[in-house]
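I would like to see how this sequence folds:
(3 chains)
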Amino acid sequence: MFEVSVKGDFSAAHFLRDYHGKCEKLHGHNWKVEVCVSGRTLDKCGMVIDFKELKDKLNRILCEFDHSFLNEISYFKKINPTSENIAEYIYKKLDKQISNKNLKVKKVSVWESEKSYATFLP
Amino acid sequence: MFEVSVKGDFSAAHFLRDYHGKCEKLHGHNWKVEVCVSGRTLDKCGMVIDFKELKDKLNRILCEFDHSFLNEISYFKKINPTSENIAEYIYKKLDKQISNKNLKVKKVSVWESEKSYATFLP
Amino acid sequence: MFEVSVKGDFSAAHFLRDYHGKCEKLHGHNWKVEVCVSGRTLDKCGMVIDFKELKDKLNRILCEFDHSFLNEISYFKKINPTSENIAEYIYKKLDKQISNKNLKVKKVSVWESEKSYATFLP
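Numbers count the residues shown, from 1 in each chain, chains lettered A, B, ... in the order given. Here you go, the predicted model:
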């Protein structure tokens, strides 16, 4: 089994509803994102998926988030823009873009800071 | 499935008994620790567990280690304070503090240096 | 279950055959490598495997790659020196050197850059 992982990032504002603590205030982060795609075999070039192709797909997804106010994105109007929910949202968007049936989006991790991150595993 | 991971650190002295090599001498490290908690669902705020809550739990555990001589901690009087044993000890302490039945401490990793770490998985 | 992971690195040139894009040109990277060995129990010293022993094994393998032209290494004359194939090659070499039946090489990851890496899992 092989996996390919790439990282991206975005800077955004957010706050959490129904939360008591620092995160209820409007604030922001430099978020880091890592996505992992797995496959049982390699293509004839020796790749699971081209790093460049996966990075391009990820960066197109992160464009929506970069320099935005996450709470105003329609997906996050009803659910909080926590790292957990952001990871699941990125997973859903990326999974739709992986048309090769031999590949699987295995996990998506979202770092809110150097010391804390959440992962979504389908 | 979701996971939440947070990092902490401590600085401590140790040496290894029954070992032949550099680690038999009294020395020390800036250790890094990462703990991972998993859950199948999110709470109504959109979290597995609040990053702050998990960091607070971890930091309270690491307080015992920070600026200490690990071999003098009672747990390590009979077994060596290797990264493997430190990881298991942190797991046991953290697991007792996770009262929510839907959450599980999935792994604890302990870095002795930038290039070497051990992980305990229950 | 315990795991021990160590990191190494090498600098090498490579290019990809049957590929259209930047990687078809001769170029190079500072590669990073992480190997993970797992075991159900610890030895009497409290280790899965000594960090030093695992690092020495890894560094001996990476010697062949460091300051080399990967495409000229015999293993890569017929298959491309992608991160995926490099990871599998390192796995095969390391696995042969782990004689303890209680230990298993669980995964090998190869970073081509800070933001992209491939993993081989047996």
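
gap between the most far-flung residue of chain A relative to its centre and C:S99?
Most distant residue from the mean C-alpha position of chain A: A:K44, 28.2 Å away (CA atoms, centre = their mean). A:K44 sits 35 Å away from C:S99, going by CB to CB, to the nearest Å. Any C-beta I mention is one placed from the backbone N, CA and C, and that applies to glycine too.

Next: A:I98.
For A:I98, the distance to C:S99 - CB to CB - is 40 Å.

Around chain B, pick out the residues from chain A.
Neighbours of chain B within chain A, by CB under 8 Å from any CB of the partner chain: A:16-19, A:21-22, A:79-85, A:87-88, A:112, A:114-122.

Quick check: A:F69 touching A:H27?
No. In this structure, A:F69 is not within contact of A:H27 by CB atoms under 8 Å, at 11.0 Å.

hmm, back to that, backbone torsions only: list them for the residue farthest from the centre of chain A.
Backbone torsions of A:K44, given as degrees, to the nearest 10, read phi -70, psi -20.

Quick check: chain neighbours aside, which residue is closest to it?
C:D18 (6.4 Å; CB to CB, 6 or more residues apart in numbering or on different chains).

for A:L54, same thing?
With CB to CB, 6+ apart as the criterion, A:L54 has its nearest non-adjacent residue at 4.9 Å, and that residue is A:V6.

Could you spell out the sheet neighbours of the host helix or strand of the one you found, each with its direction?
Element membership of A:V6, judged by DSSP states H and E, is strand A:2-14. Paired strands of strand A:2-14, with direction, are strand A:27-39 (antiparallel), strand A:68-69 (parallel), strand C:116-120 (antiparallel) (DSSP bridges).

okay, the ones you listed, which one's buried deepest?
The highest average neighbour count among those, using mean count of other CB atoms under 10 Å in any protein chain shown, belongs to strand C:116-120 at a mean of 23.

Could you check how many residues crowd around the nearest residue to A:K32 once chain neighbours are set aside?
Closest residue to A:K32 apart from its sequence neighbours, by CB to CB, 6+ apart: A:W111 at 3.9 Å. Other residues near A:W111 number 19, with proximity taken as other CB atoms under 10 Å in any protein chain shown.

which residues are contacting the helix or strand hosting A:W111?
Counting by DSSP H and E, the element that carries A:W111 is strand A:103-113. Strand A:103-113 has contacts (CB atoms under 8 Å, 6 or more residues apart in numbering or on different chains) with A:3, A:29, A:31-39, A:48-49, A:83-84, A:86-88, A:90-91, A:94-95, A:98, A:117-122, B:51.

Quick one: work out the angle between it and strand A:2-14.
40 degrees (axes from the mean of the first three to the mean of the last three CA atoms, to 10 degrees).

near chain C, anything from the lengthiest helix in chain A?
The longest helix of chain A (DSSP state H) is helix A:83-97. No. Legend: contact between helix A:83-97 and chain C by CB under 8 Å from any CB is lacking; minimum distance shown is 15.2 Å.

residue contacts, the residue lying closest to A:K7 once chain neighbours are set aside?
Excluding its sequence neighbours, the residue lying closest to A:K7 (CB to CB, 6+ apart) is C:K115, at 4.2 Å. For C:K115, the contact set (CB under 8 Å, 6+ apart) comprises A:6-8, A:55.

Tell me the spacing between C:K115 and A:H67.
20 Å.

quick revisit: gap between the residue farthest from the centre of chain A and C:P81?
Taking CB to CB, one finds A:K44 at 15 Å from C:P81.

just to revisit the earlier point, what average pLDDT does the strand holding A:V6 get?
The average pLDDT within strand A:2-14 is 98.

what do you get for stretch A:69-87?
97.

what about it, how long is it end to end?
The first and final residues of stretch A:69-87 sit 16 Å from each other (CA to CA, to the nearest Å).

Check the offset of that stretch from the chain's centre.
From the chain centre to the centre of stretch A:69-87 is a distance of 12 Å (CA atoms, centre = their mean, to the nearest Å).

what does it contact?
With contact meaning CB under 8 Å, 6+ apart, stretch A:69-87 is reached by A:12-19, A:31, A:33, A:64-65, A:89, A:108-112, A:116-120, B:2, B:4, B:42, B:45-48, B:51.

And that stretch, what's buried?
The neighbour-count check on stretch A:69-87 (16 or more other CB atoms under 10 Å in any protein chain shown) flags A:70-71, A:73, A:76, A:79-87 as buried.

Contacts only, for whichever residue of chain A sits closest to chain C.
Closest residue of chain A to chain C, CB to the nearest CB: A:G46 (3.7 Å). Shown in contact with A:G46 (CB under 8 Å, 6+ apart): C:16, C:79-82, C:84-85.

ok, 10 Å please
A:2, C:16-19, C:76, C:79-86, C:88, C:118 (CB atoms under 10 Å, 6 or more residues apart in numbering or on different chains).

excluding its backbone neighbours, what's nearest A:H67?
A:S11 (6.0 Å).

Same list, the contacts of C:K115, but as CSV with neighbour count please.
Listed next are these as CSV, based on neighbours: other CB atoms under 10 Å in any protein chain shown:
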residue, neighbour count
A:V6, 23
A:K7, 17
A:G8, 22
A:K55, 17
